[in-house]
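# Output the structure for:
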Amino acid sequence: MSKGVAMLSIRYLTGFTVTGAAVAALTLAGCSSGGGSSSGAGSPSSSPSGGSSTSSPSGTGGGGTTLTASKAEKVSGTVVTDQQGYVLYRFDADSAKPTKVTCYGTCAKLWPAATANGSITVKGIDRNLVSTVKRSDGTTQLTLNGWPLYRYSKDDAPREAYGQGVDGTWFAATPTGAKAAGEGSGSTGGSGY
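Numbers count the residues shown, from 1 in each chain. Purely as a prediction, here's the structure:
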């Protein structure tokens, strides 16, 4: 092997190593479960009982939150949208049973938590699957079948689902809390966090 080829190989190897280290550092920093007190952070609130379509989560003010089963771009089937029509997502690094939130810091800037404000109303979704979890920053995040829900900051208009498949870990939530099927971006180059 010539000296030029060896130097070129080292340069590429070093570039991949640096890139891999940067991705790992951002992932750990942006989606760790840090960022606040550990007591009660990320623990689910009790689920509502009965078949009522609304409830008032404790610690929230007036207004209301509506979750609706809707059609959206870039996904097949039905997904969950908020009261403004924006698609809500679930994150594979979180867990549903027990509910665990892992998107904080940098991650939460790109993927803000879908928070509960006042009573929760559902349309086309089983109310018994909807609950909330208290985040380490004190906000109350919506959950669906145990999965914490998020918006994607790059969705510019209602029913866009540009977050579908980002980094292979973000998916629009179906009315049962499952991952929506669809094309998704699958991107890791700047679309994730």
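
# Would you mind measuring from F91 to G64?
25 Å (C-beta to C-beta, to the nearest Å). Every residue, glycine included, has its C-beta placed from N, CA and C.

# between the two, which one's more packed in?
Higher neighbour count among F91 and G64: F91, with 22 against 14, using other C-beta atoms under 10 Å.

# Assess the claim that that one and C103 are in contact.
Yes: F91 is within contact range of C103, at 5.6 Å (criterion: C-beta atoms under 8 Å).

# Low-confidence regions, this structure specifically.
Applying pLDDT under 70 to the chain flags the ranges 1-62, 183-193.

# in it, which spans are helices?
3-30, 106-110 (DSSP state H).

# ok, V87 touching Y152?
Yes: using C-beta under 8 Å, V87 is in contact with Y152, at 7.2 Å.

# any common contacting residues for these two?
161, 163 (C-beta atoms under 8 Å, 6 or more residues apart in numbering).

# the more surrounded of those two?
Set side by side, V87 and Y152 show more neighbours around V87, with 28 against 22, by other C-beta under 10 Å.

# how near is the more buried one to T102?
Using C-beta to C-beta, V87 is found at 20 Å from T102.

# cool, T174 as well?
For T174 relative to T102 (C-beta to C-beta), the value is 21 Å.

# With neighbour numbers in mind, choose between these two.
Using other C-beta under 10 Å, the more surrounded residue of T174 and T102 is T174, with 20 against 17.

# Which residue lies closest in space to the more buried one, excluding its sequence neighbours?
Nearest non-adjacent residue to T174, counting by C-beta to C-beta, 6 or more residues apart in numbering: A180, 5.3 Å away.

# thought that neighbour was touching W170?
No: assessed by C-beta under 8 Å, A180 is found out of contact with W170, at 10.6 Å.

# Between the two, which contacts overlap?
Common neighbours of A180 and W170 (C-beta under 8 Å, 6+ apart) are Q164.

# what helices or strands is the longest strand along the chain leaning on?
As assigned by DSSP state E, the longest strand anywhere in the chain is strand 64-70. Strand 64-70 sits against strand 79-81, strand 119-123, strand 140-144, with contacts defined as 3 or more C-beta pairs under 8 Å, 6 or more residues apart in numbering; DSSP states H and E.

# tilt between the second one and strand 140-144?
Orientation note: strand 119-123 sits at an angle of 30 degrees relative to strand 140-144 (axes from the mean of the first three to the mean of the last three C-alpha atoms, to 10 degrees).

# Provide the strand pairings for strand 119-123, with the direction of each partner.
Next to strand 119-123 in the sheet, as set by DSSP bridges, lie strand 54-55 (antiparallel), strand 64-70 (parallel).

# right, so these: which one is the most enclosed?
Counting by mean count of other C-beta atoms under 10 Å, strand 64-70 has the highest mean neighbour count of the strands paired with strand 119-123, with a mean of 19.
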